[in-house]
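Colleague: just coords:
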């Protein structure tokens with residue numbers, strides 16, 4: 001929507017107005033809300049078929065344990081999430097160009113954000129896959145995804161020192177653009193460095209936890 005605003009038209013030819021940074025910040029705000037909802041729906045729909053059709057038992061008869069099946073589902077969903085996120089960024093950039101944004105693209109921040117968004121979406125998807133596997137009522141999974149979307153938006157307004165301790169906060173932490181104080185009528189937007197150490201730690205911890213909890217699924221009788 002910001003691509004069709006009057007302020008965007010006014011700043012589309014002014015590099016000092018940081019139009020790409022403003023668009024990236026808007027994109028980060030949107031994805032903080034949509035990302036958790038998207039992956040929760042994908043994880044739920046991918047796992048609900050196992051609950052409704054005795055898929056866990058059928059897969060076990062074929063030698064696929066529940067944990068192995070969940071890890072396979074994450075790989076399968078990554079084949080959707082990776083091109084979807086990449087296509088979203090390319091689509092926004094293309095639309096901005098069509099709307100007359102002539103300033104040179106800030107490739108680094110956009111590439112960084114797209115890559116990290118894929119990683120965070122996959123990490124959240126892993127969490128929702130586990131939740132969808134342990135509960136039969138998939139409304140719980142999708143309701144959690146909806147609530148996570150609202151929390152994700154809220155974390156954009158909370159200091160990084162707080163949100164870095166929550167999984168939803170990483171939608172805010174991976175956004176390399178932020179508002180800065182200004183004496184003008186409108187706040188300035190600048191690029192910032194993302195906390196690479198915290199993000200790497202979050203992703204590594206997610207991989208370890210997902211591996212552990214999916215192995216524990218093999219011990220649950222169904």
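Modeller: Looks like it came in fine. Keep in mind that this is a model prediction, so the values were computed, not measured. Numbering: from 1, shown residues only.
Colleague: and the helix or strand where residue 144 lies, what other elements does it pack with?
Modeller: Secondary-structure assignment from DSSP states H and E places residue 144 in helix 138-155. Using 3 or more C-beta pairs under 8 Å, 6 or more residues apart in numbering; DSSP states H and E, the elements in contact with helix 138-155 are helix 19-52, helix 107-134, helix 170-173. Every residue, glycine included, has its C-beta placed from N, CA and C.
Colleague: any chance of these in JSON lines, plus distance to residue 4?
Modeller: As requested, the helices and strands packed on helix 138-155 are exported to JSON lines (distance: least, C-beta to C-beta, whole Å):
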{"stretch": "helix 19-52", "distance to residue 4": "12"}
{"stretch": "helix 107-134", "distance to residue 4": "20"}
{"stretch": "helix 170-173", "distance to residue 4": "24"}
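Colleague: pick the most deeply packed of those.
Modeller: helix 170-173 (a mean of 25; mean count of other C-beta atoms under 10 Å).
Colleague: quick one: that helix to chain centroid distance?
Modeller: Averaging C-alpha positions (C-alpha atoms, centre = their mean, to the nearest Å) puts helix 170-173 9 Å from its chain's average.
Colleague: moving C-terminal of that helix, what's the next helix or strand?
Modeller: According to DSSP H and E, the helix or strand after helix 170-173 is strand 177-180.
Colleague: tell me the mean pLDDT for that following strand?
Modeller: The average pLDDT for strand 177-180 rounds to 81.
Colleague: which residues touch it?
Modeller: Strand 177-180 has contacts (C-beta atoms under 8 Å, 6 or more residues apart in numbering) with 21, 22, 24, 25, 28, 109, 187, 188, 189, 190, 191, 192.
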